[in-house]
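Chemist: Turn this into a model:
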Amino acid sequence: MTSKLPLSFACASYDRMDALRTGEVKAEGIDLNYITINHPRDVFDRMMGGHEFDASEMSSSEYICTYAAGKRDFVAIPVFPSRVFRHGFIAVDGKQVKTPKDLEGKKVGVQLYTMTAAVWIRGLLAQEGVDLDTIEWVEGAVEKPGSHGKPSALPPIKPVKITRNEDANRSLSQLLADGEIAATIGADLPTSYGQAANVKRLFPDFKEAEKKYYKNHGIFPIMHLVVIKRSLVEQHPWIPSSLYNAFNESKEVALRRMKFVGALRYMLPWLPSELDEINEVFEDGDPWPYGLEKNRRTLETLVEFLWEQGMVERKPTLEELFWPVKAHQWHL
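Modeler: Predicted coordinates for the structure are as follows:
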């Protein structure tokens, strides 16, 4: 009997990964050690900084930027653990900002300038006509003084107005409530939203704004992808396809269970209505497609945003960025 290859994989416990995490779905030829780490920044820092895992969830922007800079320690496969529409993650001081253009010339807080969520938000703001070059970006943790994680992300290539939150007592959330910055963008909405009267969402009806964005652009923003150590793939080139197909099967299980409404799997009282909306908006009723072709527009837009925002010197092709995989056909 041929032994399976042991392989460690670090990722959050997402529903689309759950069947793989529990062992219900297995990757062919692999004895997978699924390491649950529910804060993505910890995964990224440990993988990029220390190469601690054989494979992991990874920031899309950090992977693309390091690849474009010539650092090729990892290969990516077109599996996307995290996708989030980002219109709802722009909090503003309502006294200073009423429209997107009002952000020009202001200070805007962000966890990390290079984080994927910030790249997408800046991109959509630019599409709204905002001149990003006029903004001073204040980096820091949203809910505590100091920095956000211990990232090893590469700095922007072109000059960008980036400062650090040097206030020893106040977080970005508090600075926003105090009116010392005009907005925050990023992966989290500050807790001052809902507590401080002046803190509002830039897009109050963010769901409708996001649906309109999807209708106009065909983009459901990708936050994270999956990377594997290049040295491991060069030694065992079948690994990417094995993992890709296991991830797809695990996602199929999650979709099937979500769509069974005889007993609601999630604490969402109007889940049946949400499922109807998913079927109406997304092709094949799958809001979370894997693979290059179904995500080409989204991924190429992300690369374009990275280039426009001065984070890569050239725009690598998707065929460069992603290892080719041989996919099974999955049908819901």
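
Chemist: hey, C-alpha coordinates of stretch 21-28 in PDB?
Modeler: Taking Å, rounded to 0.1, in the frame of the first residue of the first chain, the C-alpha atoms of stretch 21-28 are listed here in PDB:
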ATOM      1  CA  ARG A  21     -11.000  20.100   7.700                       C
ATOM      2  CA  THR A  22     -13.000  17.300   9.200                       C
ATOM      3  CA  GLY A  23     -11.700  14.700   6.900                       C
ATOM      4  CA  GLU A  24     -15.000  14.000   5.200                       C
ATOM      5  CA  VAL A  25     -13.300  15.000   1.900                       C
ATOM      6  CA  LYS A  26      -9.800  13.900   1.300                       C
ATOM      7  CA  ALA A  27      -7.200  15.100  -1.100                       C
ATOM      8  CA  GLU A  28      -6.000  12.200  -3.300                       C
END
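
Chemist: For that stretch, buried residues please.
Modeler: 21, 25-27 (16 or more other C-beta atoms under 10 Å). Any C-beta I mention is one placed from the backbone N, CA and C, and that applies to glycine too.

Chemist: chain center to that stretch: distance?
Modeler: 24 Å (C-alpha atoms, centre = their mean, to the nearest Å).

Chemist: Need the residues that contact that stretch.
Modeler: Contacting residues not belonging to stretch 21-28 are listed as 7, 11, 13, 19-20, 32, 34, 36, 242-243, 245-246, 249-250, 253 [C-beta atoms under 8 Å, 6 or more residues apart in numbering].

Chemist: I'd like the next helix or strand past the strand or helix carrying Glu277.
Modeler: Here Glu277, judged by DSSP states H and E, is contained in helix 271-281. Using DSSP H and E, the helix or strand that follows helix 271-281 in sequence is helix 296-308.

Chemist: Show me what whichever helix or strand comes after that next one is packed up against.
Modeler: Downstream of helix 296-308, the first helix or strand assigned by DSSP H and E is helix 318-321. Judged by 3 or more C-beta pairs under 8 Å, 6 or more residues apart in numbering; DSSP states H and E, helix 318-321 is in contact with helix 60-68, helix 296-308.

Chemist: Dump those helices into a markdown table; add mean pLDDT as well.
Modeler: Listed next are these as a markdown table, based on pLDDT from 0 to 100:
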| stretch | mean pLDDT |
| --- | --- |
| helix 60-68 | 95 |
| helix 296-308 | 97 |
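
Chemist: hey, which of those is tucked in deepest?
Modeler: For these, average neighbour numbers computed from mean count of other C-beta atoms under 10 Å are highest in helix 60-68, which has a mean of 24.

Chemist: helices or strands next to whichever helix or strand comes after that one in the packing?
Modeler: Tracing the chain C-terminally past helix 60-68 and defining elements by DSSP H and E, one meets strand 74-83 next. Helices and strands touching strand 74-83, by 3+ C-beta pairs under 8 Å, 6+ apart, are strand 55-59, helix 60-68, strand 222-229, helix 230-235, helix 239-258.

Chemist: highest average neighbour count across the ones you listed?
Modeler: Highest mean neighbour count of those: strand 55-59, a mean of 27 (counted as mean count of other C-beta under 10 Å).

Chemist: which neighbours does that one have in its sheet, and in what orientation?
Modeler: Sheet pairing of strand 55-59 (DSSP bridges) gives strand 5-11 (parallel), strand 222-229 (antiparallel).

Chemist: I'd like the ones you listed written out as TSV, with mean pLDDT and distance to Gly179 added.
Modeler: Formatted as TSV, these follow (pLDDT from 0 to 100; distance: least, C-beta to C-beta, whole Å):
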stretch	mean pLDDT	distance to Gly179
strand 5-11	98	39
strand 222-229	98	30
